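1. Structure here, sequence nowhere to be found:
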(Lines give C-alpha, C1' and ligand atoms only; values in the text may rest on other atoms or scores of the structure.)
Protein backbone atom coordinates (compact mmCIF):
# COMPACT_ATOMS: atom_id res chain seq x y z
CA UNK A 1 0.00 0.00 0.00
CA UNK A 2 1.99 2.95 -1.24
CA UNK A 3 1.79 6.43 0.17
CA UNK A 4 0.74 9.34 -1.99
CA UNK A 5 2.76 11.68 0.24
CA UNK A 6 6.43 11.87 1.13
CA UNK A 7 7.15 10.01 4.41
CA UNK A 8 8.33 13.28 5.92
CA UNK A 9 4.83 14.73 5.46
CA UNK A 10 3.40 11.82 7.45
CA UNK A 11 5.94 12.36 10.23
CA UNK A 12 5.27 16.09 10.38
CA UNK A 13 1.50 15.55 10.48
CA UNK A 14 1.90 13.03 13.31
CA UNK A 15 4.19 15.25 15.37
CA UNK A 16 2.21 18.45 14.87
CA UNK A 17 -1.10 16.70 15.51
CA UNK A 18 0.27 15.13 18.69
CA UNK A 19 1.53 18.51 19.89
CA UNK A 20 -1.91 20.01 19.36
CA UNK A 21 -3.46 17.33 21.58
CA UNK A 22 -0.71 17.54 24.18
CA UNK A 23 -0.99 21.30 24.52
CA UNK A 24 -4.67 21.97 23.93
CA UNK A 25 -5.70 21.41 27.55
CA UNK A 26 -3.56 24.39 28.54
CA UNK A 27 -5.28 26.62 26.00
CA UNK A 28 -8.69 25.22 26.92
CA UNK A 29 -8.41 26.31 30.57
CA UNK A 30 -10.80 29.21 30.07
CA UNK A 31 -13.90 30.34 31.86
CA UNK A 32 -15.80 31.04 28.66
CA UNK A 33 -17.88 28.16 27.35
CA UNK A 34 -18.02 29.62 23.84
CA UNK A 35 -14.22 30.10 23.73
CA UNK A 36 -13.70 26.59 25.06
CA UNK A 37 -15.96 25.02 22.45
CA UNK A 38 -14.40 27.07 19.64
CA UNK A 39 -10.83 26.13 20.64
CA UNK A 40 -11.63 22.49 21.32
CA UNK A 41 -13.56 21.88 18.11
CA UNK A 42 -11.13 23.97 16.08
CA UNK A 43 -8.04 22.13 17.32
CA UNK A 44 -9.63 18.74 16.66
CA UNK A 45 -10.74 19.74 13.17
CA UNK A 46 -7.16 20.88 12.55
CA UNK A 47 -5.80 17.47 13.57
CA UNK A 48 -8.29 15.72 11.28
CA UNK A 49 -7.13 17.91 8.39
CA UNK A 50 -3.48 17.05 9.14
CA UNK A 51 -4.29 13.34 8.91
CA UNK A 52 -6.12 13.68 5.60
CA UNK A 53 -3.37 15.87 4.14
CA UNK A 54 -0.81 13.21 5.02
CA UNK A 55 -2.73 10.07 4.03
CA UNK A 56 -5.65 8.84 1.97
CA UNK A 57 -8.68 7.63 3.97
CA UNK A 58 -8.04 3.98 3.05
CA UNK A 59 -4.44 4.34 4.23
CA UNK A 60 -5.78 5.56 7.57
CA UNK A 61 -7.86 2.35 7.76
CA UNK A 62 -11.15 4.15 7.11
CA UNK A 63 -12.41 1.08 5.29
CA UNK A 64 -15.02 -1.59 5.89
CA UNK A 65 -13.74 -4.24 8.34
CA UNK A 66 -13.15 -7.74 6.99
CA UNK A 67 -15.81 -9.08 9.37
CA UNK A 68 -18.63 -6.83 10.54
CA UNK A 69 -19.50 -9.30 13.32
CA UNK A 70 -15.93 -9.32 14.61
CA UNK A 71 -15.77 -5.53 14.37
CA UNK A 72 -18.95 -5.19 16.44
CA UNK A 73 -17.57 -7.64 18.97
CA UNK A 74 -14.38 -5.64 19.33
CA UNK A 75 -16.33 -2.40 19.69
CA UNK A 76 -18.60 -3.82 22.41
CA UNK A 77 -15.60 -5.31 24.20
CA UNK A 78 -13.76 -1.98 24.18
CA UNK A 79 -16.77 -0.12 25.55
CA UNK A 80 -17.44 -2.62 28.35
CA UNK A 81 -13.78 -2.88 29.35
CA UNK A 82 -13.30 0.88 29.43
CA UNK A 83 -16.51 1.65 31.31
CA UNK A 84 -15.76 -1.03 33.93
CA UNK A 85 -12.14 0.12 34.26
CA UNK A 86 -13.36 3.69 34.67
CA UNK A 87 -15.73 2.73 37.47
CA UNK A 88 -13.09 0.68 39.31
CA UNK A 89 -10.09 2.98 38.92
CA UNK A 90 -11.95 6.13 39.92
CA UNK A 91 -12.68 4.52 43.27
CA UNK A 92 -9.01 4.03 44.14
CA UNK A 93 -7.13 6.72 42.19
CA UNK A 94 -7.28 10.53 42.21
CA UNK A 95 -9.77 11.77 39.65
CA UNK A 96 -9.08 15.51 39.68
CA UNK A 97 -7.37 17.12 36.72
CA UNK A 98 -4.99 20.05 36.48
CA UNK A 99 -7.49 22.27 34.72
CA UNK A 100 -11.19 22.94 35.19
CA UNK A 101 -13.33 23.23 32.08
CA UNK A 102 -16.47 25.36 31.92
CA UNK A 103 -19.69 23.56 32.76
CA UNK A 104 -21.99 23.12 29.77
CA UNK A 105 -25.23 24.50 31.12
CA UNK A 106 -28.41 24.27 29.14
CA UNK A 107 -29.71 21.66 26.74
CA UNK A 108 -28.66 23.61 23.65
CA UNK A 109 -24.94 23.49 24.50
CA UNK A 110 -25.20 19.88 25.62
CA UNK A 111 -26.92 18.96 22.37
CA UNK A 112 -24.18 20.65 20.34
CA UNK A 113 -21.46 18.87 22.29
CA UNK A 114 -23.26 15.52 22.10
CA UNK A 115 -23.99 15.70 18.37
CA UNK A 116 -20.79 17.43 17.24
CA UNK A 117 -18.21 17.41 20.02
CA UNK A 118 -18.26 13.75 21.12
CA UNK A 119 -18.00 12.35 17.56
CA UNK A 120 -15.25 14.88 16.75
CA UNK A 121 -13.25 13.72 19.76
CA UNK A 122 -13.53 10.09 18.69
CA UNK A 123 -12.68 10.71 15.03
CA UNK A 124 -9.77 13.10 15.64
CA UNK A 125 -8.07 11.03 18.35
CA UNK A 126 -8.49 7.72 16.54
CA UNK A 127 -7.28 9.10 13.22
CA UNK A 128 -4.09 10.38 14.80
CA UNK A 129 -3.22 7.86 17.52
CA UNK A 130 -4.32 4.76 15.62
CA UNK A 131 -4.74 5.44 11.89
CA UNK A 132 -1.85 7.80 11.22
CA UNK A 133 0.41 6.29 13.87
CA UNK A 134 -0.05 2.78 12.46
CA UNK A 135 0.72 3.95 8.93
CA UNK A 136 3.81 5.78 10.21
CA UNK A 137 5.00 2.73 12.19
CA UNK A 138 4.42 0.30 9.31
CA UNK A 139 6.58 2.40 7.01
CA UNK A 140 9.40 1.96 9.51
CA UNK A 141 8.96 -1.80 9.74
CA UNK A 142 7.82 -1.80 13.34
CA UNK A 143 6.44 -5.02 14.80
CA UNK A 144 2.91 -5.06 16.16
CA UNK A 145 4.01 -5.21 19.82
CA UNK A 146 5.89 -1.88 19.92
CA UNK A 147 3.27 -0.31 17.67
CA UNK A 148 0.46 -1.27 20.06
CA UNK A 149 2.27 -0.15 23.21
CA UNK A 150 3.65 3.13 21.88
CA UNK A 151 0.38 4.17 20.27
CA UNK A 152 -1.37 3.47 23.59
CA UNK A 153 1.28 5.50 25.42
CA UNK A 154 0.75 8.39 23.01
CA UNK A 155 -3.01 8.21 23.46
CA UNK A 156 -2.62 8.11 27.24
CA UNK A 157 -0.32 11.14 27.06
CA UNK A 158 -3.11 13.12 25.38
CA UNK A 159 -4.99 12.78 28.70
CA UNK A 160 -2.09 13.94 30.90
CA UNK A 161 -4.05 16.79 32.49
CA UNK A 162 -7.07 14.70 33.53
CA UNK A 163 -5.45 12.77 36.38
CA UNK A 164 -3.96 9.26 36.94
CA UNK A 165 -7.25 7.40 36.49
CA UNK A 166 -7.91 8.94 33.07
CA UNK A 167 -4.35 8.27 31.92
CA UNK A 168 -4.50 4.57 32.82
CA UNK A 169 -7.99 4.16 31.35
CA UNK A 170 -6.83 5.79 28.12
CA UNK A 171 -3.83 3.44 27.98
CA UNK A 172 -6.06 0.38 28.43
CA UNK A 173 -8.43 1.56 25.73
CA UNK A 174 -5.49 2.41 23.47
CA UNK A 175 -4.05 -1.09 23.67
CA UNK A 176 -7.34 -2.79 22.83
CA UNK A 177 -8.17 -0.26 20.12
CA UNK A 178 -4.91 -0.78 18.24
CA UNK A 179 -5.26 -4.56 18.48
CA UNK A 180 -8.75 -4.23 16.99
CA UNK A 181 -7.41 -2.10 14.13
CA UNK A 182 -4.70 -4.65 13.36
CA UNK A 183 -7.09 -7.60 13.43
CA UNK A 184 -10.11 -6.06 11.70
CA UNK A 185 -7.96 -3.90 9.38
CA UNK A 186 -10.37 -1.06 10.00
CA UNK A 187 -10.45 2.03 12.19
CA UNK A 188 -14.24 2.08 12.43
CA UNK A 189 -14.62 -0.30 15.43
CA UNK A 190 -12.23 1.88 17.45
CA UNK A 191 -14.00 5.08 16.39
CA UNK A 192 -17.41 3.62 17.24
CA UNK A 193 -16.21 2.34 20.62
CA UNK A 194 -14.50 5.63 21.41
CA UNK A 195 -17.67 7.57 20.56
CA UNK A 196 -19.97 5.32 22.60
CA UNK A 197 -17.60 5.24 25.59
CA UNK A 198 -17.36 9.03 25.74
CA UNK A 199 -21.11 9.25 25.30
CA UNK A 200 -21.64 6.99 28.33
CA UNK A 201 -18.93 8.45 30.56
CA UNK A 202 -19.22 12.15 29.77
CA UNK A 203 -22.31 13.14 27.83
CA UNK A 204 -24.88 10.95 29.58
CA UNK A 205 -24.03 12.16 33.13
CA UNK A 206 -24.33 15.77 31.95
CA UNK A 207 -27.77 15.08 30.49
CA UNK A 208 -28.91 13.31 33.66
CA UNK A 209 -27.73 16.27 35.75
CA UNK A 210 -30.00 18.69 33.83
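-> Yep, it's here. Computed from a prediction, not measured in an experiment: that's the story for all the values here.
2. Does the spatially most central residue of the chain lie in a helix or a strand, and which?
-> With distances taken as C-alpha atoms, centre = their mean, residue 125 lies nearest the centre of the chain, 3.0 Å away. Assigned by DSSP states H and E, residue 125 falls within helix 118-126.
3. Report the mean per-residue pLDDT for that helix.
-> Average pLDDT, helix 118-126: 97.
4. where does residue 159 fall, phi/psi-wise?
-> Main-chain torsions, residue 159, degrees, to the nearest 10: phi -110, psi 20.
5. Just to check, it is in contact with residue 168?
-> No - counting by C-beta atoms under 8 Å, residue 159 stays clear of residue 168, with 9.3 Å between them. The way it works is simple: take the backbone N, C-alpha and C, and place the C-beta from them, glycine included.
6. Those two - which one has more neighbours?
-> Each of residue 159 and residue 168 has its neighbours counted (other C-beta atoms under 10 Å); residue 159 has more, 22 against 16.
7. check contacts around that one.
-> Contact analysis of residue 159 by C-beta atoms under 8 Å, 6 or more residues apart in numbering lists 166-167, 169-170.
8. Can you name the residues in contact with the helix or strand bottoming out on mean pLDDT in the chain?
-> Ranked by mean pLDDT, DSSP states H and E, the weakest helix or strand in the chain is helix 204-209, scoring a mean of 81. Here helix 204-209 makes contact (C-beta under 8 Å, 6+ apart) with 104, 110, 113-114.
9. repeat for stretch 62-77
-> Against stretch 62-77 from outside (C-beta under 8 Å, 6+ apart): 57, 131, 176, 180, 183-190, 192-193, 196.
10. contacting residues for residue 155?
-> When contacts are counted by C-beta under 8 Å, 6+ apart, residue 155 touches 125, 129-130, 170-171, 173-174, 177.
11. any idea which of these is closest to residue 8?
-> Ranked by distance to residue 8 (C-beta to C-beta), the contacts of residue 155 are led by residue 129 at 19.9 Å.
12. what residues are up against the closest one?
-> 151, 154-155, 158, 174.
13. what about it, distance to residue 46?
-> Per C-beta to C-beta, to the nearest Å, residue 129 is found 15 Å from residue 46.
14. quick revisit: give me the helices and strands touching the helix holding residue 125, please.
-> Here helix 118-126 touches helix 33-54, helix 188-198, going by 3 or more C-beta pairs under 8 Å, 6 or more residues apart in numbering; DSSP states H and E.
15. That helix: which residues count as buried?
-> Neighbour counts over helix 118-126 (16 or more other C-beta atoms under 10 Å) mark 118, 120-126 as buried.
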